[in-house]
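>>> 3D model of this:
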Amino acid sequence: MDANQLRELETLCRVLYESGNEAERAHAQQSVLILQSSAEYIPQCQYVLDNSSSPYALLVASTSLTKLITSHWNNFTTPQRVDIRNYVLGYLAQKGPTLEKFVTTSLIQMVCRLTKYGWFDDEQHREIVAEVTKFLQATVDHCVIGLQILSELVTEMNLPVAGRNITFHRKIAVSFREDSLFRVFQVALTSIKQLQLHNIRGASPQQEARMGDQALALLIKCLSFDFIGTNPDESSEETGSLQVPTSWRAVVQDPDTIQLLFDFYQTTSPPNSSKCLEALMLFASVRRNLFSPDKERSVYLGHLLKGICTILRAQEGLSDQQNYHEFCRLIGRLKSNYQLSELMKTESFQEWMDLTPDFTIKSFRQWQWSANSTHYLLALWARLVAALPYVRADSVPGSPNSGAMNFLDTRVPQIIQAYVQSRLDSAEQCALDDTLDNPLDDEGGLYEQLEKLPTLCHFNYRQTGEYIVSVLDPILNQYAEACSILDQSGGAAIPPQQQQQLESMENQTAWLVYAIGAIIGGQTYSSTSTEGDEVVDADLSQRVFRAMQLTEHRIIASGGQTKPSVHFELSLLYYFSSFRKSYIGEQHGMPSAPTPSSSMQPASAGAASSPIMAPSESAMSSKHKAYLRMFERLGLGDHTLVVNMMVTKVGNNLKFWGETEVVISKTLALFFEVASGYSSGKLLLGLETVQYLIGNHTAEEFPFLAVPANTRHRTTFHSTIARLIFTTAFDESSERFERFMEPIENVLNQLLQTPNYRVPEVREAVIGVCRDLRGIVQQTHNRRTYSCIFDLLYPAYFPVFVRAADELYDHPAVTTALLKFLQELAYNKAQRVTFDQSSASGILLFRELSSVVVAYGRRIQPVPAGKNPYGDTYKGVALCLGILYRALGGNYVNFGVFQLYNDKSLENALEIALQLVLSIPHEDLMHYPKVKNAYFFFLEILFRNQLASVVALEDGIFRQLVQSLHEGMNSYDLAIAAQCATAVDHLASLYFQEMKKKRDTPVKHALRTHVQGSPNMWSTLLAALLDILVYGEVNSQWALSRPILSLTLCSEEALTNYQQTLSSSQPPENRAQIEEAFAALFADVRPNLEAANRDKFTQRLGQFRNTLRGFLTIQ
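Got it, this is the predicted structure:
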């Protein structure tokens, strides 16, 4: 590269990052990506770094260099890798402080990637911390870069590498944890201490802030390290106990460590102050058995609580939102990681109990500000309340604060009331100002809060119930009055002010209905339930049903034109779902419903519970009494009438809320929940509303079915109705079943007569009928119901599906619905796809499935992938593989029939499937999880049931499939790894058995040819499996060890090569032990694949693994 080429590259990089023209950016991207195409471009990347002043060119050069080194790692010698690392470190030392931040970050990522990949190659890589210390001892700007390098290094070591197996990652992560992480942790603490003591000479306030930011970030990453390989979910707010190594004990236990962070919090400003609190939250999460003896843990907790009280007392820094959020996380962490009895033994507990309630109440009142932190506070109080009975039962010896717990009796009701009032205030203010973020819009945050309410509110349930009723009744009275005025207005337009008031009342009611639902749903009744709780439940539920009746009257009277707010509607559905959990079902004391007959008589509510169902007559009697008291107090009639009201509500929602997808989704979820209960399902089938649904599930009756956004909900809708029909006295000849299937048959008959499938109306019809049928087939759980549906569809209607696949192949919405339906039809769950011995239905079913897959596959293959390759093509390919996986493994087809009668159905299906999957670029195949899963599961069934067909493939394709199995065995996904290992076992077992035969067979000849073409095949597969066995996680041992015996029998040379490679990587003193371990592994193991021999060998492998891990030096 020369100066002119450099200027040209700089221009292209500027266009790439600054141009607003998409075509120009695309051209520039294609031009600069050539730097990542080959290892030959490494000198050019270094030339750019040495000579360019353009930050964009430097960024492209550094990212390209990182990509090249990662992709072509084996092309470099160890000295070359060390030289590149040292070159970048030197570059950072020389120019780092003057570079743009994004360039520095990119270069640091390169250093860390090189260090991780080369960790065991050269001692210099493992001395990275010492190298970085030189940065820390130079200027302030160099110190910041040094901390940033260490921070990125911890991140790199903590994250698995794409394309590398988990064994590779964990070997390095464990070595880094043992050799370097503690030193990095100490560097972070020392840097913070130096900042706190103002020992950084010549540093400006901005430089100190940057240094503090990096030091705290580094400390947080050290504490968040995956110490034991559990791969915690970083997106989760619940950290759990931190498994800090025992070697860290002295530093963690030292009171000065925590005090340093509290002191630094007081002297620094956001965002560094919030990071101090985050670090303290992590320190509060350290595992309890790190402390020895337990007294040390008590002292440690005392320091934490004292520091927290200092912040609470002065409210220091809590006016910053991020500080406040992290502080809430910190105090919430206290009760989740420490027992209440431990907290009570600390000196500061009384003060903490005095300050925390006021802080909580103040936080609730500032709802706009504390929205993301509210659930931490609710969780804290819920945990305190939940622990209270244990503390009262066991008085805490030596505790000066045991009387403080009586404080909860007065403070918990105040906290509940403050929370409820703050939610009502938020509803009122959001109605007046639509620019505010409504907490009801955040479903995740809402549910997090609601989960904590049952424990809190049941602390003194009667008092809480009375409070909620006292708040809800006036709102409902005002709402009823407003609705009455609107009804009298005769549909005139509502003035804006009145609309705001109406919305305010509806959203206030929604909050209270949500709270009532959470309280009722969180209390499961048993013989030990508090007597009288059901009366409070009834009082609260009475108000909810009243609220529902007010809105239902308006909706029906206006023909769906006048609807309440969506939040109000969703709160009702949430309540009904909770009510069902606690009161609908025999386990809750509900009387059994008689089995409805095909004459459709309503179910009787008076039947008594069967004594066979009751484990304890007294317990059942107590439940039943509570149940009757509840419904008597509710005043709406018995449980049958209440369930009928719920189902009528479902029907009205499906009729009138069709344009609101979220309401339809929640409504159908509720309907499915109620239908899924044994007793409630029988009860539903006797209701008039459900009988109407069975015969009228069309878009004319329920407009939501015609709304495109609701197409996926058609499956749930029909699945629910089918469940009711199939699980209660099903009779395929009954008028009920015929009425249910009639609308679907009408659509299929119309499609049979349709000349043109390329029009939108026909596409929508195909999508709809496939979604409906999929939902129905999902509920066929036995031979009788499945055969009933199959007989209805075959042979009359399968031409519709084949034609749709052939003519609408380029419409993903159609093909997805069609292929998902057929995937369900091919699924032999619970052995439902079972036909008579004289029936050819299993073979005929496979032929039809094959016809659809082949028709789709032949049409989709020539179509190039567009901007959305997954949606346009890959998803359909994955579904085709899923159909064949289920059909090939369903055990309802004798596949020999196809070859015997020269039927090409099986051959064509397998040929198309392999063409489809091999046409997908390997990178894409691995990138999309659903495609990857479908591919590997298909490979396993192919190697299990159709191995002769696999062996007969061309050598190039066969080699590609075996290479895929090798990659799959190294997958992080244990299911994929196990499937691939099983497939390898099938292949190796076949090879071993065939090679023993004296006569030559086509399979034997083909296998020998493949092995000659890939002489290292057995060695590569065996080495991968033994690496996983020795270095991998214990939970994968059995699944991945089965092929080791069969592979060893295929090639003793492969085993010898692995043993020699392993020995050569170890110190001389370990080599004799390795030889002994291998000898013990194969002692008394016979050269056959009989089950007993396999089991003996698998047990030996466990001992072999433990023996090697006891002395191996991991390199």
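
>>> give the buried residues for the helix-or-strand element of the chain with minimal mean pLDDT.
Using mean pLDDT, DSSP states H and E, helix 617-634 stands out as the lowest-scoring helix or strand of the chain, at a mean of 75. By 16 or more other CB atoms under 10 Å, the buried positions in helix 617-634 come out as M620, S622, K623, H624, A626, Y627, R629, M630, F631, L634. In this view, the C-beta of every residue, glycine as well, is placed from N, C-alpha and C.

>>> how about stretch 957-970?
Applying a neighbour-count criterion of 16+ other CB under 10 Å, one finds F958, L961, V962, S964, L965, H966, E967, G968, M969, N970 buried in stretch 957-970.

>>> cool, and stretch 253-270?
Q253, T257, I258, L260, L261, F262, D263, F264, Y265, T268.

>>> show only the entries of those found in strands.
Using DSSP state E, no member of those falls in strands.

>>> export the residues you listed as TSV, with columns for distance to R383 and pLDDT.
Formatted as TSV, those follow (distance: CB to CB, whole Å; pLDDT from 0 to 100):
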residue	distance to R383	pLDDT
Q253	25	92
T257	26	95
I258	22	94
L260	28	95
L261	24	95
F262	23	95
D263	29	95
F264	29	95
Y265	24	95
T268	30	92
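
>>> and those residues as JSON lines, adding distance to F835?
Formatted as JSON lines, those follow (distance: CB to CB, whole Å):
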{"residue": "Q253", "distance to F835": "70"}
{"residue": "T257", "distance to F835": "71"}
{"residue": "I258", "distance to F835": "71"}
{"residue": "L260", "distance to F835": "74"}
{"residue": "L261", "distance to F835": "70"}
{"residue": "F262", "distance to F835": "73"}
{"residue": "D263", "distance to F835": "77"}
{"residue": "F264", "distance to F835": "74"}
{"residue": "Y265", "distance to F835": "72"}
{"residue": "T268", "distance to F835": "75"}
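
>>> mind checking the SS state of D810?
Assigned with DSSP: H, G, I helix; E, B strand; the rest coil, D810 falls in the coil class.

>>> among the buried residues of stretch 253-270, which pair sits farthest apart?
Greatest spatial distance in those: Q253 and T268, 24.3 Å, computed using CB to CB.

>>> can you name the next helix or strand after the longest helix anywhere in the chain?
Longest helix of the chain, by residue count under DSSP state H: helix 461-488. Using DSSP states H and E, the helix or strand that follows helix 461-488 towards the C-terminus is helix 496-521.

>>> tell me the angle that following helix makes with helix 617-634.
Put simply, helix 496-521 runs at 170 degrees to helix 617-634, going by axes from the mean of the first three to the mean of the last three CA atoms, to 10 degrees.

>>> which SSE is immediately downstream of helix 496-521?
Taking DSSP H and E, what comes next after helix 496-521 is helix 533-557.

>>> how far off helix 617-634 does the helix or strand just after that following helix point, in degrees?
For helix 533-557, the succeeding helix or strand toward the C-terminus, using DSSP H and E, is helix 566-583. Helix 566-583 runs at 150 degrees relative to helix 617-634, counting by the same axes, to 10 degrees.

>>> same for the longest helix of the chain, what does it pack against?
helix 407-432, helix 496-521, helix 533-557 (3 or more CB pairs under 8 Å, 6 or more residues apart in numbering; DSSP states H and E).

>>> go through the second one and flag the buried ones.
Neighbour counts using 16+ other CB under 10 Å place 500-521 of helix 496-521 among the buried residues.

>>> just the mean pLDDT for the strand or helix carrying T105, thanks.
Following DSSP H and E, one finds T105 within helix 101-117. For helix 101-117, mean pLDDT is 92.

>>> before we move on, what about stretch 1064-1073?
pLDDT averaged over stretch 1064-1073 gives 84.

>>> just the endpoints, please. Distance across it?
For stretch 1064-1073, the first-to-last residue distance is 13 Å (CA to CA, to the nearest Å).

>>> same question, stretch 338-357
19 Å.

>>> now do the buried residues in that stretch.
Buried, per 16+ other CB under 10 Å, within stretch 338-357: 338, 340-346, 348-353, 355-357.

>>> one more: stretch 735-742?
R736, F737, F740, M741.

>>> kindly report the same for stretch 549-567.
By 16+ other CB under 10 Å, the buried positions in stretch 549-567 come out as L550, T551, E552, R554, I555, G560, T562, K563, P564, S565, V566, H567.

>>> can you show me the CA trace of it as CSV?
Taking C-alpha atoms only, stretch 549-567 is exported to CSV below (Å, rounded to 0.1, in the frame of the first residue of the first chain):
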residue,chain,number,x,y,z
GLN,A,549,-70.6,-5.3,34.1
LEU,A,550,-70.4,-1.5,33.7
THR,A,551,-68.1,-1.7,30.6
GLU,A,552,-69.8,-4.8,29.1
HIS,A,553,-73.2,-3.0,29.1
ARG,A,554,-71.7,0.0,27.2
ILE,A,555,-69.9,-2.2,24.7
ILE,A,556,-72.9,-4.4,23.8
ALA,A,557,-75.3,-1.4,23.8
SER,A,558,-73.1,0.4,21.3
GLY,A,559,-72.3,-2.6,19.1
GLY,A,560,-68.6,-2.4,20.1
GLN,A,561,-68.3,1.3,19.3
THR,A,562,-67.8,2.4,22.9
LYS,A,563,-65.0,0.5,24.6
PRO,A,564,-63.1,1.3,27.8
SER,A,565,-59.3,1.8,27.8
VAL,A,566,-57.1,-1.1,26.7
HIS,A,567,-55.5,-1.1,30.2
